[in-house]
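Engineer: give the three-dimensional model of this entry:
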Amino acid sequence: DEVDEAELEQVMRDRDSMTEMIEAMKTDKKAVSKAIEKVPGEVRMALTSAEFEEDCNLRFDDLDVDSSGVLEPDELAPLVVEMSQGHPWAVTLDHCISLSNIFDANDDGVISRDEFTEFCRFIYLIFYLKTAVDQAQTP
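Structural biologist: Numbers count the residues shown, from 1 in each chain. Model (predicted):
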């Protein structure tokens with residue numbers, strides 16, 4: 001039926017968009033870590049505050065469904081869906097593995113609590129920078 005076909009087309013568009021976003025993250029990760037030094041002091045303080053880390057820890061606990069103390073790639077799926085703002089079916093295990101690999105600093109195949117905090121800093125900084133650019137471009 002038409003609704004199913006339209007939904008399938010949306011899933012495919014969202015899947016492509018997610019793949020592009022992950023590829024951009026691979027490139028941007030190094031640049032963003034340097035950018036944190038150049039953001040306004042209040043933003044830098046917020047991203048390095050105890051409250052920010054506590055919020056990250058709470059989110060980590062929500063995602064760590066098996067209480068293993070690490071996030072396996074499949075446990076990142078809800079977060080990836082939220083980030084992409086796309087259809088849940090558009091997020092594949094490959095997307096989650098790719099994202100995990102970007103932030104898995106010690107190459108152990110999982111995301112530790114500290115790695116997750118760095119991931120969250122990266123995401124928030126990306127959104128801050130995008131918002132700042134968009135506002136600067138608005139007449």
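Engineer: pLDDT weak spots in the chain?
Structural biologist: For the chain, the stretches flagged by pLDDT under 70 are 1-3, 8, 10-36, 84-90, 133, 139.
Engineer: where does the residue positioned nearest the centre of it fall, secondary structure wise?
Structural biologist: The centroid of the chain falls nearest to Ile123 when counting by C-alpha atoms, centre = their mean (5.3 Å). Following DSSP states H and E, one finds Ile123 within helix 113-137.
Engineer: summarise which helices and strands that helix is packed against.
Structural biologist: The contact analysis (3 or more C-beta pairs under 8 Å, 6 or more residues apart in numbering; DSSP states H and E) places helix 113-137 against helix 2-35, helix 41-47, helix 50-63, helix 93-103. The way it works is simple: take the backbone N, C-alpha and C, and place the C-beta from them, glycine included.
Engineer: helices and strands around the last one, which ones?
Structural biologist: Using 3+ C-beta pairs under 8 Å, 6+ apart as the contact criterion, the neighbours of helix 93-103 among helices and strands are helix 2-35, helix 77-84, helix 113-137.
Engineer: how far off centre is that helix?
Structural biologist: 10 Å (C-alpha atoms, centre = their mean, to the nearest Å).
Engineer: ok, the shortest one next?
Structural biologist: A distance of 19 Å separates the centroid of the chain from that of helix 41-47, by C-alpha atoms, centre = their mean.
Engineer: and the nearest residue to the residue nearest to the centre of the chain once chain neighbours are set aside, how far is that from Leu76?
Structural biologist: In space, and not counting its chain neighbours, Ile123 is closest to Met83: 6.8 Å by C-beta to C-beta, 6 or more residues apart in numbering. Using C-beta to C-beta, to the nearest Å, Met83 is found at 9 Å from Leu76.
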